[in-house]
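Enquirer: Predicted coordinates and the sequence they were generated for:
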Amino acid sequence: MREPADHRARNACVSAAVALKFAGRDTVRVIDLGCGAGSNLRALAPLLPNRQHWRLIDADRDLLAAAQAALTRWANRAEADPDGSLRIWHGAKTISVVFQPADLAANLDDTLAGEVDLVTAAAFFDLVSASWISRFSAVLISRALPLYAVLTYNGGERLMPAHPADHAMLAAFHAHQRTDKGFGIAAGPDAGLCLERCFAEAGWQVDAGQSDWRLGPENAGLMEILANGTVAAVAETGLVPTADIADWRAAHQSAQSWLIGHQDLFVRPG
Ligand SMILES: C[S@@+](CC[C@H](N)C(=O)[O-])C[C@H]1O[C@@H](n2cnc3c(N)ncnc32)[C@H](O)[C@@H]1O
């Protein structure tokens, strides 16, 4: 359900910088961290060279299976290999896809090993801790590996119409974001800045831009799911009185619009 909003939100200047970096090449090898159902590949592949080799990594095997099914549907033609990988043709692109189950909290170095030209991830870095980001960026810097991190939640939110509990709800949601999601205390809304700082300090070239979701009545289904997710997260924190949460939920039953702030980032050696 998030995919159309995600693809619409991507920052065009940042994605153009990625396309430019690989323009003129015949082939590119990409790793997608926390790939989910493969949405990042579907957005990015059209911008990259015609021959692509992707390694899709996720801890959740069901999501990897969902990615395989969704990519098969997305492709003009698809062939599954006996080893579980996929070869797909989409427009002018020929793409081989390997699906790799891995826990990135435990196996970062092993997972990044091998020949690769670009590391990417979508809606992933707010889950990880600041110390994981610094370990991760050190690996990329040591190997001169470019990173394209899209749709990193940056904490900005604006719901219309406004409600008196908006501020308390957002503060509690951010407190929940900063709990451990398997990588230590999560960076949450600070993840983008944290990433940017690590690579800027190493003298890397940094392109960053906003990629906010701008949801309206046409995204009513998605807003409903987001509101329920917010309520569940806030309730877990115990920071907002139950009656206020219920009132907030009722008031936003039919929100007119919801802006959710994200950041896209492309970093490569300077
Ligand atoms: C918000 S989803 C984003 C999915 C996808 N990139 C997208 O844009 O639709 C975060 C993803 O990170 C994966 N993930 C969470 N913890 C992980 C871990 N320790 N190792 C590998 N993947 C993990 C989840 O399974 C999930 O697919």
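Expert: Noted; the coordinates are in hand. Residues are numbered from 1 along each chain as shown.
Enquirer: ok, now which ones touch Leu147?
Expert: 118-121, 137, 140, 195, 199, 265-268 (Cβ atoms under 8 Å, 6 or more residues apart in numbering). The C-beta positions use only the backbone N, C-alpha and C, and glycine is treated the same way.
Enquirer: quick one: which of those is nearest the ligand?
Expert: Closest approach between those and the ligand, by Cβ to the nearest ligand atom: Ala121, at 6.4 Å.
Enquirer: Identify the residues contacting the closest one.
Expert: Here Ala121 is in contact with 32-34, 40, 147, 149-150 (Cβ under 8 Å, 6+ apart).
Enquirer: List the buried residues of the longest helix seen in the chain.
Expert: Using DSSP state H, we find that the single longest helix of the chain is helix 220-237. For helix 220-237, burial by neighbour count (16 or more other Cβ atoms under 10 Å) applies to 222-223, 226-227, 230-231, 233-234.
Enquirer: what's the answer for stretch 53-72, then?
Expert: Within stretch 53-72, the residues scored as buried using 16+ other Cβ under 10 Å are 53-58, 63-64, 67-68, 70-72.
Enquirer: does any bit of that stretch sit next to the ligand?
Expert: Yes: using Cβ under 6 Å from any ligand atom, stretch 53-72 reaches the ligand at 58-60, 63.
Enquirer: Cross-check the contacts of Ala121 against the ligand and keep the overlap.
Expert: Within those, those near the ligand by Cβ under 6 Å from any ligand atom are 34, 40.
Enquirer: Show only the entries of the residues of stretch 53-72 next to the ligand found in strands.
Expert: Using DSSP state E to define strands, the subset of the residues of stretch 53-72 next to the ligand located there is Asp58.
Enquirer: farthest pair in the residues of stretch 53-72 next to the ligand?
Expert: Using Cβ to Cβ, the residues of stretch 53-72 next to the ligand reach their maximum pairwise distance at Ala59 and Leu63, which is 8.4 Å.
Enquirer: Output the buried residues of stretch 53-72 in CSV; the columns should cover distance to Trp132 and pLDDT.
Expert: Below are the buried residues of stretch 53-72 laid out as CSV (distance: Cβ to Cβ, whole Å; pLDDT from 0 to 100):
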residue, distance to Trp132, pLDDT
His53, 26, 98
Trp54, 23, 98
Arg55, 19, 98
Leu56, 20, 98
Ile57, 15, 98
Asp58, 16, 98
Leu63, 20, 98
Leu64, 21, 98
Ala67, 23, 98
Gln68, 27, 97
Ala70, 27, 98
Leu71, 28, 98
Thr72, 32, 98
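Enquirer: Check those residues and tell me the two furthest apart.
Expert: Going by Cβ to Cβ, the pair spanning these furthest: His53 and Leu63, at 20.3 Å.
Enquirer: Whatever helix or strand Ala65 lives in: how far from the chain's middle?
Expert: For Ala65, the element it lies in under DSSP states H and E is helix 61-74. Put simply, helix 61-74 sits 17 Å off its chain's centre (Cα atoms, centre = their mean, to the nearest Å).
Enquirer: That one - contacts with which helices or strands?
Expert: Where contact means 3 or more Cβ pairs under 8 Å, 6 or more residues apart in numbering; DSSP states H and E, helix 61-74 is packed against helix 39-44, strand 51-58, strand 77-80, strand 86-90, strand 93-101.
Enquirer: The ones you listed into TSV, with extra columns for distance to Asp110?
Expert: Formatted as TSV, the helices and strands packed on helix 61-74 follow (distance: least, Cβ to Cβ, whole Å):
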stretch	distance to Asp110
helix 39-44	21
strand 51-58	11
strand 77-80	25
strand 86-90	22
strand 93-101	10
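Enquirer: Out of these, flag the one nearest Ile133.
Expert: Per Cβ to Cβ, nearest to Ile133 of the helices and strands packed on helix 61-74: strand 51-58, 16.7 Å.
Enquirer: Hmm, Ser15 is touching Asp264, no?
Expert: Yes: the pair Ser15 and Asp264 qualifies as a contact (Cβ atoms under 8 Å) at a distance of 7.3 Å.
Enquirer: Done for today, thanks.
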